[in-house]
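Engineer: how does the following fold in three dimensions:
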Amino acid sequence: MSACRSCCCDCCSHVSQRKKLVEPASESPSLRHALQLISQKRFGFGAACIFLYVGAEVAIGSLIVSYLMRSDVLGLGAEAAGKHVIFYWVARWSALHWLLSA
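Structural biologist: As a prediction, this is how the structure comes out:
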């Protein structure tokens, strides 16, 4: 059986013949180096997006409780409204699982 040089699968014999990647010695990570990452446009934008996303996700719990406590919605007490937040999270994660598996 001949080795195929154009594939990227693990079944070919040439995969085991690859040379090991040699990483150059680097300095130990420092706070200054880590903060320089923020100056990179994509990294800074990605970090800001994750920060906003997590903030919105955390805020949803308290907003749902406040909404369910309104007299014109369900008029629940704080404890009862807090117990209803789980329905949102179950529906959200179920929908996410359904979308990702499709």
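
Engineer: buried residues, the one helix or strand Phe45 maps to. List them.
Structural biologist: Using DSSP states H and E, Phe45 sits in helix 41-69. Buried residues in helix 41-69, counting neighbours by 16 or more other Cβ atoms under 10 Å, are found at 64-65, 68-69. Glycine gets a C-beta too; all of them are placed from N, C-alpha and C.

Engineer: make TSV out of those residues and add pLDDT and distance to Ala56.
Structural biologist: Formatted as TSV, the buried residues of helix 41-69 follow (pLDDT from 0 to 100; distance: Cβ to Cβ, whole Å):
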residue	pLDDT	distance to Ala56
Ile64	91	12
Val65	91	15
Leu68	90	18
Met69	92	20
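
Engineer: which one of those residues sits closest to Lys19?
Structural biologist: Comparing those against Lys19 with Cβ to Cβ places Ile64 closest, at 55.2 Å.

Engineer: my guess is the closest one meets Val85, correct?
Structural biologist: Yes. Applying Cβ atoms under 8 Å, one finds Ile64 in contact with Val85, separated by 5.2 Å.

Engineer: work out the gap between stretch 51-58 and the centre of the chain.
Structural biologist: For stretch 51-58, the separation from the chain centroid amounts to 11 Å (computed by Cα atoms, centre = their mean, to the nearest Å).

Engineer: same deal with stretch 20-35?
Structural biologist: Stretch 20-35 has its C-alpha centroid displaced from the chain centroid by 24 Å (Cα atoms, centre = their mean).
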